[in-house]
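Q: Everything below, folded, please.
(4 chains)
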Protein chains: 2
Amino acid sequence: MNKVKIALADDHVLLRNGLAGLITNLGYTVLLECSTGKELTEKLDKNNLPDVVLMDINMPEMDGYETTAWLKTHYPLLNVLALSMYDDENAIIRMLRNGARGYIMKDSDPLELKRAIDDIVEKGVHYSELVTGKLLHSIYNVNGNAGHSQQLLELNEREIEFLKLASTEMTYREIAEHMHLSPRTIDGYRDSLFEKLNIKNRVGLVLYAIKNGIVQLN
Amino acid sequence: MNKVKIALADDHVLLRNGLAGLITNLGYTVLLECSTGKELTEKLDKNNLPDVVLMDINMPEMDGYETTAWLKTHYPLLNVLALSMYDDENAIIRMLRNGARGYIMKDSDPLELKRAIDDIVEKGVHYSELVTGKLLHSIYNVNGNAGHSQQLLELNEREIEFLKLASTEMTYREIAEHMHLSPRTIDGYRDSLFEKLNIKNRVGLVLYAIKNGIVQLN
DNA sequence: GTAAAAAACGGGAAAAACACCTTAACAGTG
DNA sequence: CACTGTTAAGGTGTTTTTCCCGTTTTTTAC
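A: Got it, this is the predicted structure:
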């Protein structure tokens, strides 16, 4: 039996480098490393694909969501294991819906990582307690409008753009000018996001944007 | 010559574990690992101290600032190398003022880490381009009120508490009730922070709190 | 012990954010 | 063609935030 081949995508070079060593020690092969999703899409070799892609969510250039979705269409057989700092419910669901086969946190144990990789190689998926817990929560927690969990994650380009600007010190009027839209339209974006994301005010927007890698802190 | 001994403090176990491997490969010894500042203070052995403590800023229980300050008084000879995700100017200055001997980012190159460790062991400090750049910026950038950079970092207990609450979806009135203070006092905290931190509104507060590890995004 | 500094508190007003409700244009669908 | 959904935008009013102006009380410093 051949060694399991892993690809690493994470912009934190120290983490990535260390992780590479850890993975080697666990008996796997590190096929390739990269700092952005874009880099991954360029480095992948059709004739020598990894068995598992360890994918960070927060990356510059092309984040984990986008990259996972891209892989889904271009390399549908590739297994993505999401690797994140946050256990945000929406982030988990978004990654899984974009095609990730599992989700683990950066503060988890190396053994958990090994279990996840083995699960994905053998069974195609890895559902940790974390993931199942959050999924159950999202199903039972129909606070307010039921069934909202189905479309709450599909943010379009403009909404993403708006979220980025809402996470700066601009006023909504300035955001409207910047996006060449009426302040009322911005109101609409804001209000619909409040409802979709189940938040009350702008602080909620900022927290969501950060946790979901829509804005990068430096 | 004996091997250089390193202590690791970071709550991201995967990063820490990987880092441990990397450090070993670089020819150093990993003396101890821990997930929180508190754990570090408990695990330190007077008779076998590390040469360098690699200290993350954002940790639960006791963050990097607090821990570095604690080490400064209890083990003044211990060398702390700060390890952070963000290159926030205030964070850098705060860590250095609390006694850190250097500051590197998690997305830096392993060779940069090695250089930093060697510098600290040999010369007692490591000033990277990043650090000197930011320090110069903070000196020349006297935008608004000059000399503010001296006291802008001393946030007291109440201000920290306020910042934590301001980073939630509570209104200021609710924050006031929660802190058993008049809304006017809260106004005062807010306005003085706006000035000290050179920000314009609540979004700025939230971003500052996150970048400086005052709030943890689980 | 007194002077200075800071923390806590307050009124009032302008700006911004939030809520709710309506309309127009347009695209896709049965 | 009517039906439905989505996007952009207007009207109006309330609440919250931000920014002035202060005073009183508590801490700190000399």
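Q: Report pLDDT for whatever residue of chain A ends up closest to chain B.
A: Per Cβ to the nearest Cβ, A:Gly18 is where chain A lies closest to chain B, at 2.0 Å. (Glycine included, C-beta is placed from N, CA and C.) Here the pLDDT value assigned to A:Gly18 is 88.
Q: With A:Leu207 instead?
A: The confidence metric pLDDT takes the value 94 at A:Leu207.
Q: Can you get me a residue count around it?
A: Around A:Leu207 there are 21 other residues, counting by other Cβ atoms under 10 Å in any protein chain shown.
Q: do you know how far it is from A:Leu197?
A: Distance of A:Leu207 to A:Leu197, given as Cβ to Cβ, to the nearest Å: 10 Å.
Q: try A:Leu77
A: 33 Å.
Q: out of these two, which sits in the more crowded spot?
A: For A:Leu77 versus A:Leu197, neighbours defined as other Cβ under 10 Å are more numerous around A:Leu197 (20 against 6).
Q: give me every residue that touches the more buried one.
A: Shown in contact with A:Leu197 (Cβ atoms under 8 Å, 6 or more residues apart in numbering or on different chains): A:90, A:152, A:204-205, A:208.
Q: OK, contacts around the closest residue in space to A:Val125 that isn't next to it in sequence?
A: In space, and not counting its chain neighbours, A:Val125 is closest to A:Arg101: 4.9 Å by Cβ to Cβ, 6 or more residues apart in numbering or on different chains. Applying Cβ under 8 Å, 6+ apart, we find A:Arg101 in contact with A:79-81, A:120, A:124-126.
Q: In contact with the residue nearest the centre of chain A, which residues?
A: Central residue of chain A (Cα atoms, centre = their mean): A:Ile57, 3.8 Å from the mean position. With contact taken as Cβ under 8 Å, 6+ apart, A:Ile57 is in contact with A:63-65, A:82-86, A:91, A:95, A:212-213.
Q: Closest one to A:Asn2 out of the residues you listed, please.
A: A:Leu83 (23.4 Å; Cβ to Cβ).
Q: Quick check: phi and psi on that closest one?
A: phi -130, psi 110 (degrees, to the nearest 10).
Q: still on that earlier bit, can you tell me which helices and strands the helix or strand encompassing the residue of chain A closest to chain B packs against?
A: Assigned by DSSP states H and E, A:Gly18 belongs to helix A:13-25. Under the contact definition 3 or more Cβ pairs under 8 Å, 6 or more residues apart in numbering or on different chains; DSSP states H and E, helix A:13-25 sits against strand A:5-9, strand A:29-34, helix A:110-123, helix B:13-25, helix B:110-123.
Q: got the contact list for that helix?
A: Contacts of helix A:13-25 (Cβ under 8 Å, 6+ apart): A:6, A:8, A:10, A:30, A:33, A:35, A:54, A:106, A:110, A:113, B:12, B:14-22, B:25, B:83, B:106-110, B:113.
Q: Out of those residues, which end up buried?
A: Neighbour counting by 16 or more other Cβ atoms under 10 Å in any protein chain shown classes A:6, A:8, A:10, A:30, A:33, A:35, A:54, A:106, A:110, A:113, B:12, B:14-22, B:83, B:106-108, B:110, B:113 among the contacts of helix A:13-25 as buried.
Q: what's the nearest residue to the closest residue to DNA strand C within chain A if we skip its chain neighbours?
A: Chain A approaches DNA strand C most closely through A:Asn201 (2.9 Å), counting by Cβ to the nearest atom of the strand. Leaving out its chain neighbours, the residue that sits closest to A:Asn201 by Cβ to Cβ, 6+ apart is B:Glu169, at 5.6 Å.
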